[in-house]
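> okay, here's the prediction I keep looking at, along with the sequence it came from:
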Amino acid sequence: MRSKRRLFAGTTLAVATVIAVSGCAASAPVATPAALSSTTVAAPTTTDPATVGGSDFGPGPYRVEATVAVGESPTSIAIDPEAGKAFVARDGEGANGQSVSVIDTRTHTHSGDIPVGQVFPAGPQSIAVDTDTHLVYLVGGSSAGQVLVIDPDTESVTAIIEVDGDPVAVVVDALRHTLYVANRFSRTVTVVDTVTRATVATIPVDGSPRGLAIDPDTHHLWVVSEAGASVIDADNHTVSTTVQLAGDPKYIAIDPQTRTAFVTHPEQNWVSLIDTVTRTGMDSVSLGVRGSAFAAVVDPVAHTVYLSGGVFDVVTMIDTRTRAVTAARYSGITRTTPYGSTTYGMAVDPVRHLLYVTNRDSGQIEVIAHE
């Protein structure tokens, strides 16, 4: 993994997407942030927080709409647009450190926390919302695989679904009432009926599955592991295709308009493209010598795929039509994190077309708008 460093004042600070930024602690002046409220952290009063230290691509046509303080170590996020809520998995310390914070997406305020107990040795890692039932599903790495079912109305864990070892990712196909869980250690994907909560199938896959995405057109599941990107048929629950990919792929997002899958490579500086119709590899998008990508989400209306930067504190944007990088922004700038905060989890509100980014170091969610 390439090292993370800042360049001193008088040199250009390099922006890296995900697992690759260059730079050292810069001595460039940072504006004093606005006063903090109990639920939000205001962005510094610079022209744009993303411009602190400079950027290869610049902040682009985006702005910080809001910041919401949620508490220690937010890791992943999911949005229920109809309910007007965002759910944030947190991996903090103490008895209530592992919890799910709830954000009101209409007012951008932290409205409460749902305790989940110290059940995840590796901490909460992935969260998903069933937009039909409005239930929330949470997984965390552990040898005894479990999925927690959370009822937002009662703000409690109402059921536990047993799956294979070390579940690290979860997605829901609300239209087909199906839950998919990637089990890293057992190298399987568990298929669960969300109505009966019974396991429908346990599917072996090549490699250790990490990234999951549902094709909204076909409802097939795409699974990413070190072996590449595999497609699981939604009807017979079998792997029908595997697209070989170089460079240790990790996560995936699918754009239904261009019928393209974007696959990230945290240890490299590119994003692989796959034609979801022909299921063949296409070109890749270079993020520059300083770039890399962790998680990915797509807003098809904004024609944008967003990439979180992991420990390199940035969010990078790619135009899904031109397949060119349009912006790279520092995310999570506060008094204590003047050059940004670790960005792992992301989610797009499909109604308001806002991007929600977890800022792990600063304990907040940054909401980014496309201007």
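Alright, I've got the coordinates. Just so it is clear, the model here is predicted, and its values are computed rather than measured.

> show me what contacts the spatially closest residue to Gly123 that is not a sequence neighbour?
Setting aside the residues directly before and after it, Gly123 is nearest to Asp91 in space (CB to CB, 6 or more residues apart in numbering), at 3.4 Å. Any C-beta I mention is one placed from the backbone N, CA and C, and that applies to glycine too. Applying CB atoms under 8 Å, 6 or more residues apart in numbering to Asp91 gives the contacts 72-73, 75, 97-98, 120, 123-124, 140.

> can you redo those as a markdown table with pLDDT and secondary structure?
Listed next are the contacts of Asp91 as a markdown table, based on pLDDT from 0 to 100; DSSP: H, G, I helix; E, B strand; the rest coil:
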| residue | pLDDT | secondary structure |
| --- | --- | --- |
| Glu72 | 92 | coil |
| Ser73 | 92 | coil |
| Thr75 | 94 | strand |
| Gly97 | 72 | coil |
| Gln98 | 86 | strand |
| Phe120 | 67 | coil |
| Gly123 | 71 | coil |
| Pro124 | 79 | strand |
| Gly140 | 82 | strand |
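
> nearest to Ala246, of these?
Ranked by distance to Ala246 (CB to CB), the contacts of Asp91 are led by Thr75 at 27.8 Å.

> list the buried ones in the secondary structure element (helix or strand) that Val191 belongs to?
Using DSSP states H and E, Val191 maps to strand 188-193. Neighbour-count burial for strand 188-193, counted by 16 or more other CB atoms under 10 Å, picks out 188-192.

> distance of Pro152 relative to Ser362?
25 Å (CB to CB, to the nearest Å).

> looking at those two, which one has more neighbours?
Ser362 (23 against 18; other CB atoms under 10 Å).

> chain neighbours aside, what residue packs nearest to the more buried one?
Distances taken as CB to CB, 6+ apart put Ser341 closest to Ser362, at 4.2 Å, once the chain neighbours are dropped.

> am I right that that neighbour is in contact with Arg335?
No: the criterion here is CB atoms under 8 Å, and Ser341 misses it with Arg335 at 11.7 Å.

> the more surrounded of those two?
The neighbour comparison of Ser341 against Arg335 (other CB under 10 Å) goes to Ser341, with 24 against 12.

> what about that one, which helix or strand?
Going by DSSP H and E, Ser341 is not in any helix or strand.

> got the contact list for it?
Taking CB under 8 Å, 6+ apart, one finds 313, 331-334, 359-362, 364 in contact with Ser341.

> just checking, what packs against the helix or strand bottoming out on mean pLDDT in the chain?
None of the helices or strands of the chain scores lower by mean pLDDT, DSSP states H and E than strand 325-330, at a mean of 88. Packing partners of strand 325-330 (3 or more CB pairs under 8 Å, 6 or more residues apart in numbering; DSSP states H and E): strand 314-319.

> for the closest residue to Ser284 other than its chain neighbours, phi and psi?
Among residues not flanking Ser284 along the chain, Trp270 sits closest, at 4.4 Å (CB to CB, 6+ apart). The phi/psi pair for Trp270 (degrees, to the nearest 10) reads phi -150, psi 170.

> can you tell me which two in the buried residues of strand 188-193 are farthest apart?
Distances among the buried residues of strand 188-193 were taken as CB to CB; the most separated pair is Thr188 and Val192, at 12.5 Å.

> I figured Gly97 hits Thr75, correct?
No: using CB under 8 Å, Gly97 is not in contact with Thr75; the gap is 11.6 Å.

> looking at the two, which is more packed in?
Thr75 (21 against 17).

> report the contact partners of that one.
Thr75 makes contact with 89-91, 123-125, 344-345, 358, 360, according to CB under 8 Å, 6+ apart.

> Ser230 now?
205-206, 222-224, 239, 241-243.

> strands paired with the host helix or strand of it, and their directions?
In this structure, Ser230 sits in strand 228-232 according to DSSP H and E. Here strand 228-232 has these sheet partners by DSSP bridges: strand 221-225 (antiparallel), strand 239-243 (antiparallel).

> now those in TSV, with mean pLDDT and distance to Ala174?
Formatted as TSV, these follow (pLDDT from 0 to 100; distance: least, CB to CB, whole Å):
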stretch	mean pLDDT	distance to Ala174
strand 221-225	98	14
strand 239-243	96	22
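
> and those strands: which comes nearest Asp215?
strand 221-225 (6.5 Å).

> in PDB, please show the C-alpha coordinates belonging to the closest one.
Taking C-alpha atoms only, strand 221-225 is exported to PDB below (Å, rounded to 0.1, in the frame of the first residue of the first chain):
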ATOM      1  CA  LEU A 221     -26.300 -10.100  -8.100                       C
ATOM      2  CA  TRP A 222     -22.700  -9.000  -8.900                       C
ATOM      3  CA  VAL A 223     -20.100 -10.200  -6.500                       C
ATOM      4  CA  VAL A 224     -16.500  -9.000  -6.400                       C
ATOM      5  CA  SER A 225     -13.600 -10.900  -4.900                       C
END
